[in-house]
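# sharing a model prediction with you, sequence too.
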Amino acid sequence: MATAAYISKPDVTLNMLPRGGETGIEDHRILMVGQLTSAGSASAGLYQDVPRNNADINAAFGARSHAALIARAVRKVNKYTEMDAILLDDASGTAATSSLIWAGTATAAGTVYLDVVSSTDHAYKLDIEIGDDEAAVTAKLLALLALDTTSPFTGAKSTVTATDDTMTFTAANDGTFANKWLIRLRGTMPAGITCTLTGWSGGATDPSLTSIFDSVANIRYQTIIWPGTYTTSTLQTWIDARKNVDNDVKDGVAFYWFDDTFSNVKSEALARNSSEIVILHNETLSTATYKGPHIPEAPDVIAAQMAATRALRFEPNVSITNYVTSIEPLDQFGGIHTAALPYFNTRFPFLEQPVRGAGLTLAEQAELRGAGVAVIGANELNNAIIAGTIVTTYQNDDAGNDDDSWQFLNWRDTHSVVREYFHANIKKKFAQYRMSTGEAVPGYAIATEGLVRAYAIKLYEQLAKKAITVDSRDAVKKFRDDMVVTAVPAERKFDCYFDVPVLSQAEKFLGSVRFNFGVTTS
């Protein structure tokens, strides 16, 4: 049956169009790199969308694996940001080990804590009673280890004599990363019994890094977590090439904790000289009761928590109060405005305090900062872990001239946000426009030099209200006056140059204070 015809006047056709307006920057993504074990269901290669909870992480990567250690550290801080992982199989190398020797028989009671890898997650409380010998204390420790199913190591009694027991801890993965782990004894050993620690060592042969980034060539990651003992030149080759690409935005920043001597850390930063790499450090300790990184945590975990915090700051409308020191209301929630908010004094609530009085001096911290190394450590009262000035490793241009353009991570982040905001919105605004060197005809999509300039000023003013660019009439005038927009119709392009005044950070206040005796009368 034919559809009945009808008369409908007047003719009205109303097309549905997009709402329009400006778009924000791309959603933040994290990329982590780590080794898995056969206990997990995942296979080597790119693993997309790392779970938000520990149970699923452990099931996928293996609860004791290096990869699970890093992923849990991220999710402890940040359950919001999407994270992918490049998972690696062990390379048939050697697993690092550490050990301790109990000897004697306790003639007094007492409690001590043994921290292996992490004072936060793998601390074992040993209640030693009068009459406990090395075998009794070893048995207590073995019982505690059996309850810890996520430790990235295993522990076993390895040597027994009539007077002492040796406990050996073995990393669950082969490779060098565990050589930088912690072993620490806290408290006072009861009289009659002793404990001798041997630090982690012997881990050898990291996984092959050949073509490691092939699977993520087309994916943007703003934050990357890299194991500090892996070859860092491989990371740099990949990440530096993503800083400026044609018709896209692919830049990101990589974080790793480099645990080495003061001079070697400086040399590492100089060798990198990259605006896309942040090296974290503080003094390594080696005493009778403490062997390992300054902060009693696995170095890759410290880097992961720094990276997770940075990513969380970029999550729109997510609370970041636990990590920032600012008390201004709009700074309590994430968004692009945090690009300009200082990183110094960022809190790390899931890291334990270092040994009081240990750590780099203020002069050493300043020297490292000048060399492109960021320091994380205790506050003045030793009751919180906070970030110092977070710098990139960028020191000089290709010709060797000193250049501080991206010395500070906030400067680099702010620059990146401005570039991406302009890039994304110019692509959206001018998705299908004609070009003219004359006037635009109302009602038609025609791009002119004047329209492009006016739109760039609009974007600048929007960023100013997000605390990214300088908000003043003089700053807008300077931006407008310095802007260059030239139409080249024969090549179907606009040549554009934008010189953008951005916010910096209030880190130093220098001055003098004098005194007087107030108003006096004769």
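Received the coordinates, thanks.
# what segments of the stretch 301-450 of the chain are strands?
374-378, 385-387, 434-435, 446-447 (DSSP state E, counting those that start in this stretch).
# among those, which is the most enclosed?
Highest mean neighbour count of these: strand 374-378, a mean of 23 (counted as mean count of other CB atoms under 10 Å). C-beta: built from backbone N, CA, C; applies to glycine.
# sheet partners, orientation included, of it?
When pairing is defined by DSSP bridges, strand 374-378 lines up against strand 277-281 (parallel), strand 385-387 (antiparallel).
# dump the strands of the stretch 301-450 of the chain to CSV, plus mean pLDDT and distance to Gly335.
As requested, the strands of the stretch 301-450 of the chain are exported to CSV (pLDDT from 0 to 100; distance: least, CB to CB, whole Å):
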stretch, mean pLDDT, distance to Gly335
strand 374-378, 97, 23
strand 385-387, 97, 20
strand 434-435, 97, 34
strand 446-447, 97, 30
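# for Phe509, which of the ones you listed is the nearest?
With CB to CB as the criterion, Phe509 lies closest to strand 385-387 of the strands of the stretch 301-450 of the chain, at 18.4 Å.
# can you dump the C-alpha coordinates of the worst-scoring helix or strand of the chain on mean pLDDT into CSV?
Every helix and strand of the chain was ranked by mean pLDDT, DSSP states H and E. The lowest is strand 153-160, at a mean of 90. Once non-C-alpha atoms are left out, strand 153-160 reads as follows in CSV (Å, rounded to 0.1, in the frame of the first residue of the first chain):
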residue,chain,number,x,y,z
PHE,A,153,60.3,-11.6,46.4
THR,A,154,60.4,-14.9,48.2
GLY,A,155,62.2,-15.8,51.4
ALA,A,156,63.7,-19.0,52.6
LYS,A,157,66.1,-20.4,55.2
SER,A,158,69.3,-20.9,53.2
THR,A,159,71.9,-21.8,55.8
VAL,A,160,71.7,-23.4,59.2
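# contact partners for the spatially most central residue of the chain?
With distances taken as CA atoms, centre = their mean, Ala307 lies nearest the centre of the chain, 1.5 Å away. Shown in contact with Ala307 (CB atoms under 8 Å, 6 or more residues apart in numbering): Ile30, Val74, Thr223, Ile224, Ile225, Phe255.
# for the chain, what spans make up the helices?
54-61, 66-77, 134-147, 232-241, 262-272, 299-313, 362-371, 409-429, 449-464, 473-482 (DSSP state H).
# most packed of the ones you listed?
Note that of the helices of the chain, helix 299-313 is the most buried (mean count of other CB under 10 Å), with a mean of 27.
# rewinding a little: same list (the helices of the chain) but as a markdown table, adding mean pLDDT and distance to Ile390.
Shown next, in a markdown table, are the helices of the chain (pLDDT from 0 to 100; distance: least, CB to CB, whole Å):
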| stretch | mean pLDDT | distance to Ile390 |
| --- | --- | --- |
| helix 54-61 | 98 | 27 |
| helix 66-77 | 98 | 16 |
| helix 134-147 | 95 | 36 |
| helix 232-241 | 97 | 17 |
| helix 262-272 | 96 | 13 |
| helix 299-313 | 98 | 8 |
| helix 362-371 | 96 | 9 |
| helix 409-429 | 97 | 4 |
| helix 449-464 | 97 | 22 |
| helix 473-482 | 97 | 26 |
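# now distance to Glu26 too, for those helices, in JSON lines please.
Listed next are the helices of the chain as JSON lines, based on distance: least, CB to CB, whole Å:
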{"stretch": "helix 54-61", "distance to Glu26": "25"}
{"stretch": "helix 66-77", "distance to Glu26": "19"}
{"stretch": "helix 134-147", "distance to Glu26": "43"}
{"stretch": "helix 232-241", "distance to Glu26": "17"}
{"stretch": "helix 262-272", "distance to Glu26": "25"}
{"stretch": "helix 299-313", "distance to Glu26": "13"}
{"stretch": "helix 362-371", "distance to Glu26": "30"}
{"stretch": "helix 409-429", "distance to Glu26": "7"}
{"stretch": "helix 449-464", "distance to Glu26": "16"}
{"stretch": "helix 473-482", "distance to Glu26": "24"}
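# nearest to Phe344, out of those?
Closest to Phe344 of the helices of the chain is helix 409-429 (CB to CB; 9.2 Å).
# quick one, the closest one and strand 374-378 angle?
Here helix 409-429 points in a direction 120 degrees away from that of strand 374-378 (axes from the mean of the first three to the mean of the last three CA atoms, to 10 degrees).
# what's helix 409-429 packed up against?
strand 253-257, helix 449-464 (3 or more CB pairs under 8 Å, 6 or more residues apart in numbering; DSSP states H and E).
# for it, give me every contacting residue.
Contacts for helix 409-429 (CB under 8 Å, 6+ apart): 22-26, 249, 251, 253, 275-276, 278, 336, 339-343, 374, 390-392, 394, 405-406, 455-456, 459, 462-463, 468-469, 498, 500, 502-505.
# ChimeraX command to pick out the buried ones of the residues you listed?
The ChimeraX selection below is limited to those of the contacts of helix 409-429 classed as buried (16 or more other CB atoms under 10 Å):
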select :25,249,251,253,275,276,278,336,339,340,341,342,343,374,390,391,392,394,406,455,456,459,463,468,469,498,500,502,503,505
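# let me know which of the strands paired with strand 374-378 is the nearest to Gly187.
The nearest among these, by CB to CB, is strand 385-387 at 21.1 Å.
# and that closest one, how far out from the chain's middle?
Relative to its chain's centre, strand 385-387 lies at 13 Å (CA atoms, centre = their mean, to the nearest Å).
# wait, Ala308 sits on Ile70?
No. Counting by CB atoms under 8 Å, Ala308 stays clear of Ile70, with 9.9 Å between them.
# tabulate the strands paired with strand 374-378 (TSV), appending distance to Lys428.
Converted to TSV, the strands paired with strand 374-378 look like this (distance: least, CB to CB, whole Å):
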stretch	distance to Lys428
strand 277-281	31
strand 385-387	35
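# closest one to Thr159 among the ones you listed?
strand 277-281 (35.2 Å).
# what's the angle from the closest one to helix 299-313?
Using the same axes, to 10 degrees: strand 277-281 against helix 299-313 is 130 degrees.
# next, the angle from strand 277-281 to helix 362-371.
170 degrees.
# can you count the residues close to Ser38?
9 (other CB atoms under 10 Å).
# that one and Gly62 touch, don't they?
Yes. Judged on CB under 8 Å, Ser38 makes contact with Gly62 at a distance of 6.9 Å.
# point out where the protein drops to low pLDDT.
Scanning the chain with the threshold set as pLDDT under 70 gives 1-4, 521-522.
# for Glu134, give me its contacts.
Trp102, Ala103, Gly104, Thr105, Thr163, Asp164, Asp165, Ile193 are the contacts of Glu134 under CB under 8 Å, 6+ apart.
# Ile128 versus that one, what's the distance?
Going from Glu134 to Ile128 by CB to CB, to the nearest Å gives 11 Å.
# go on, Lys140?
8 Å.
# how many neighbours does Asp148 have?
Neighbours of Asp148 using other CB under 10 Å come to 16.
# OK, contacts around it?
Counted by CB under 8 Å, 6+ apart, Asp148 has contacts His122, Tyr124.
# from His122, how far off is it?
Relative to His122, and taking CB to CB, Asp148 is found at 6 Å.
# kindly report the same for Phe517.
60 Å.
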